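Asks: Build me a model:
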Amino acid sequence: MKKMVKCAAFFTSGLIMLLTFTACGEKKQESFTSISVSSEEDTQGSKVSDETYNNLFDRSIVHNIDIEISEEDLLDQNENPLDKTKYRADVIIDGERFENVSFATKGSSSLIIPYTNGSTRFPYKLNFGKYEKKQSYYGLDKLNLSGFYSDPSCMKDWLAFRIMEESGISAPLTSYVWLTINGEDRGLYLALEEIGDSWMARTGRQTGELYKPESPVSNMNFGGAEDAHIIKEKGLLAYFLERIERMGSPADTGSALVYLDDDAESYPDIFDNAETKVNDDDKTRLIDSLKMLSDPERCKSVLDTEEVIRYFAAHNFVLSSDSYTGLPAHNYYLCEEDGVMSIFPWDYNSAFGENLGKLHPELTRENIINWLVDEPLYDTNPQERPLWAWIPADEESRKQYHAVLDELLKNYFESGRFEEEINRMYSLIEPYKAKDPTSFSTMEETLADFQKLKAFCMERAAAVRSQIGEDRIQ
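Replies: Sure, this is the predicted structure:
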């Protein structure tokens, strides 16, 4: 199925909700090897030792996190969440106390929308070492807490990262938690490992550089009522074309990973969003890698080809246009080490075709389910997404990509493991969701969205199977 729509598919469902609220060295892979992933009985697809923070990410239970913060600070946070002020708090995780932890709101649309709608159910970030420099949760430095503002199923992020794990990707670890603040129930949240220093240590990337590229055009902290009025009067596409003209497209400012020139200032999307401390040599090295990425004859020498292929296999299965494959070219992490680049996942609460269906009613459910895994881009072209473009352009790489998809389909979806696991996880969280006092959805909506998500994945698996057939490396 060819792409049918040329409009602002990157404009997420979160912004639609907001409008409603405001308006009323070189390395080359010589071979392609399979990665063994832990069985479903293991607490995580990615193995970590008992000495690290595995306890919190045991997904067989719903964990308990209680935040103890002064009433004055809590009131200030609830009244001014967009400030993202870092408050001192004590955090009790499954009965174990950690003192002087930084507790702050986080996010963009996931923060703005609840606040605009009068809710105090915000997404949060815990930084264990902000005020106590050597403090961590068994090696974990930062923890994100997501409140499912746009996900009635409460499963999209969790499931997307599980699919990443099943594809052999070092995805952030996750688990469900019951959150209380000063003893008052806040409800069911998803705990997500921060992709940062502790993630780099856990995955053996301590010597690399980490970036979270972000284009100004995709920044959802936009101009409030004025911008909402423009959207209402002119439409989404006109609004974002104006933003692109004013701020530059992701292909012009770095986050699309297109080589522009040798000047580091030409890549603000990348270097202004470095997660590690980078110097001029680091910037030069990455720019050199981007230059080689644009060359079909040399691109593989600056890529961890296996990791990149595995990422795109899982990513293109779950259909998230609010990503590198969409016009924003964001919601991913770029890791570079000795000139070799790899990509890692982030933010999938509008995946599984969710934003496509809401933004484009002309797309049928069948259109979305059958979206081509070999032509996954949304409202952009391969020349502006070079990290992806080399895969379908090279026959050997395309077959390797299909082999990962085949592995994912056989081992997870066609084996029955997916249905067994998602049913078990729903049974785990259902009683907590039922008593959640601040939930954004009813239990009827949660059950319906869960069933929709499960059906979508099974039909998507069948569609991908029909696309790739038995095309795999012999």
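
Asks: model confidence over the helix or strand containing D252, on average?
Replies: Applying DSSP states H and E as the criterion places D252 in helix 250-253. Computed over helix 250-253, the mean pLDDT rounds to 79.

Asks: So which elements touch that helix?
Replies: On a contact count with 3 or more Cβ pairs under 8 Å, 6 or more residues apart in numbering; DSSP states H and E, helix 250-253 meets helix 268-271. No exception for glycine: its C-beta is placed from N, CA and C like everyone else's.

Asks: Any buried residues in the lengthiest helix in the chain, and which?
Replies: The helix that spans the most residues within the chain, counting by DSSP state H, is helix 443-468. The neighbour-count check on helix 443-468 (16 or more other Cβ atoms under 10 Å) flags 446-447, 449-450, 453-454, 456-458, 460-461, 463-465, 467-468 as buried.

Asks: swap in stretch 101-110?
Replies: Counting neighbours by 16+ other Cβ under 10 Å, stretch 101-110 gives 101-110 as buried.

Asks: what residue ranges in the stretch 1-150 of the chain score low on pLDDT?
Replies: Low-confidence segments of the stretch 1-150 of the chain (pLDDT under 70): 1-52.

Asks: Tell me where it has strands.
Replies: Ranges of strands within the stretch 1-150 of the chain are 63-68, 87-93, 96-105, 124-127, 142-146, based on DSSP state E, counting those that start in this stretch.

Asks: which regions of the stretch 251-400 of the chain lie under the pLDDT threshold?
Replies: 357-360.

Asks: now the strands for it?
Replies: Under DSSP E, counting those that start in this stretch, the stretch 251-400 of the chain gives strands at 332-337, 340-345.

Asks: Relative to E430, which of these is closest?
Replies: strand 340-345 (26.2 Å; Cβ to Cβ).

Asks: can you give me the offset of that closest one from its chain's centre?
Replies: Relative to the centre of its chain, strand 340-345 is centred 13 Å away, using Cα atoms, centre = their mean, to the nearest Å.

Asks: other SSEs contacting that strand?
Replies: helix 156-166, helix 280-293, helix 305-318, strand 332-337.

Asks: Need the residues that contact it.
Replies: The contact list for strand 340-345 (Cβ atoms under 8 Å, 6 or more residues apart in numbering) reads 25-27, 160-161, 164, 169-172, 195, 286, 289, 293, 302-304, 307-308, 311, 314-315, 324, 331-336, 387.

Asks: can the strands of the stretch 251-400 of the chain go into CSV with extra columns for mean neighbour count and distance to E414?
Replies: Shown next, in CSV, are these (neighbours: other Cβ atoms under 10 Å; distance: least, Cβ to Cβ, whole Å):
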stretch, mean neighbour count, distance to E414
strand 332-337, 22, 28
strand 340-345, 23, 23
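
Asks: now the ones you listed in TSV, with distance to A403?
Replies: Shown next, in TSV, are those (distance: least, Cβ to Cβ, whole Å):
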stretch	distance to A403
strand 332-337	22
strand 340-345	18
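
Asks: isn't N64 right up against D94?
Replies: Yes. In terms of Cβ atoms under 8 Å, N64 counts as a neighbour of D94; the distance is 5.7 Å.

Asks: what about the helix holding D252, distance to the chain center?
Replies: 20 Å.

Asks: what's it in contact with?
Replies: By Cβ under 8 Å, 6+ apart, helix 250-253 touches 215-218, 247, 256, 258, 260, 266-269, 327-330, 380, 384.

Asks: Could you tell me the end-to-end distance of stretch 344-351?
Replies: The straight-line separation of the ends of stretch 344-351 (Cα to Cα, to the nearest Å) is 15 Å.

Asks: typo on my end, it should be stretch 260-277
Replies: 23 Å.

Asks: ok so, going back, which two from the buried residues of stretch 101-110 end up farthest apart in space?
Replies: Once Cβ to Cβ is applied, the buried residues of stretch 101-110 give V101 and S109 as the farthest pair, at 25.6 Å.

Asks: Enumerate every residue touching the closest residue to N127 other than its chain neighbours.
Replies: Leaving aside its sequence neighbours, N127 sits nearest to S102 (Cβ to Cβ, 6 or more residues apart in numbering; 3.8 Å). For S102, the contact set (Cβ under 8 Å, 6+ apart) comprises 86-89, 125-128, 130-131.
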